[in-house]
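K.L.:
Quick one, structure for this:
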Amino acid sequence: MTVSLHGMEISAASLAAIVRNADTTTLIVDCRCLAEFKQSHICRATNPFYSKLLQRRLLEDKVCILFLFKD
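P.N.:
Prediction:
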């Protein structure tokens, strides 16, 4: 598996090393679709397509989980 970092492709192992050595203020943004992000993602990563509001609405059963997945 490869990922893009500053326009360069690196291996998942290289990314893991970068994350391990990063300080706690480093922001990791995973821009894949929500379904892929929920399947697996880097610890502390955030997904811009999964807002706190949506998370709260899901937890309160105010929106159906199927709403999150595109047809």
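K.L.:
Return the alpha-carbon coordinates of the helix ranked longest in the chain using PDB.
P.N.:
Counting residues, the longest helix found in the chain (DSSP state H) is helix 12-21. C-alpha atoms of helix 12-21 as PDB (Å, rounded to 0.1, in the frame of the first residue of the first chain):
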ATOM      1  CA  ALA A  12       2.400   2.500   4.600                       C
ATOM      2  CA  ALA A  13       5.400   1.400   6.700                       C
ATOM      3  CA  SER A  14       7.100   4.800   6.000                       C
ATOM      4  CA  LEU A  15       4.000   6.600   7.000                       C
ATOM      5  CA  ALA A  16       3.700   4.600  10.200                       C
ATOM      6  CA  ALA A  17       7.300   5.700  11.100                       C
ATOM      7  CA  ILE A  18       6.500   9.300  10.400                       C
ATOM      8  CA  VAL A  19       3.300   9.100  12.600                       C
ATOM      9  CA  ARG A  20       5.200   7.300  15.400                       C
ATOM     10  CA  ASN A  21       7.800  10.200  15.500                       C
END
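K.L.:
from the middle of its chain, how far away would the helix or strand following it be?
P.N.:
Proceeding C-terminally, helix 12-21 gives way to strand 28-29 as the next helix or strand, assigned by DSSP states H and E. How far strand 28-29 lies from its chain's middle: 7 Å, per Cα atoms, centre = their mean, to the nearest Å.
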